[in-house]
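[1] build me a structure from this.
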Amino acid sequence: MMSEFEIMNISATGMSAQRLRVEIVSTNIANAETTRTETGEPYRRKVPVFAEYLRRTPNGKIESAGVKVVKIEEDPSPFRLVYDPTHPDADENGYVRMPNVNIVREMVDLINAQRAYDANVAAFNVTKAMVNSALQIGRG
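    Just a heads-up that it's a prediction; the model follows:
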């Protein structure tokens, strides 16, 4: 059986993962118009990859201990082409390769990350309230 502190730790790992997701979405939005990075290419959208964090209990059983970020991938979808012959990064046909960042998708991801974060906060707080109630019973 999982202890209350293990449950709170799982919620904490979820909060940390969603905080990183919000940071990545913010970076994507901030670079939505960046046509040239250090590599000379347009900015490529970043996406976090999550995985379940497993641990072995003292009796040898494998159980979930939360979530972890295993890597941050670049979205392989193609860059957008925008016709702007006056842009310094325009090709010989007047097209500029723009980042593959879709602001609407980023806002949806941001809302989903916030809701997941809030759900983890709620689970953490419910568990904390149960621990506090149990301590009050012991005092009575």
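[2] strands of the chain, residue ranges please.
    46-56, 62-74, 80-83, 95-98 (DSSP state E).
[3] for this protein, which residues score under the pLDDT cut-off?
    Residue ranges of the chain with pLDDT under 70: 1-2, 138, 140.
[4] ok, which stretches of it are helices?
    For the chain, the helices defined by DSSP state H cover 4-30, 103-139.
[5] buried residues in the longest one?
    Going by neighbour count (16 or more other C-beta atoms under 10 Å), the buried part of helix 103-139 is 106, 109-110, 113, 116-117, 120, 123-124, 127. From N, CA and C alone the C-beta is placed, and that goes for glycine too.
[6] with distance to Glu23 added, can I get those in JSON lines?
    Output for these, formatted as JSON lines (distance: C-beta to C-beta, whole Å):
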{"residue": "Glu106", "distance to Glu23": "12"}
{"residue": "Asp109", "distance to Glu23": "12"}
{"residue": "Leu110", "distance to Glu23": "11"}
{"residue": "Ala113", "distance to Glu23": "9"}
{"residue": "Ala116", "distance to Glu23": "14"}
{"residue": "Tyr117", "distance to Glu23": "12"}
{"residue": "Asn120", "distance to Glu23": "16"}
{"residue": "Ala123", "distance to Glu23": "22"}
{"residue": "Phe124", "distance to Glu23": "20"}
{"residue": "Thr127", "distance to Glu23": "26"}
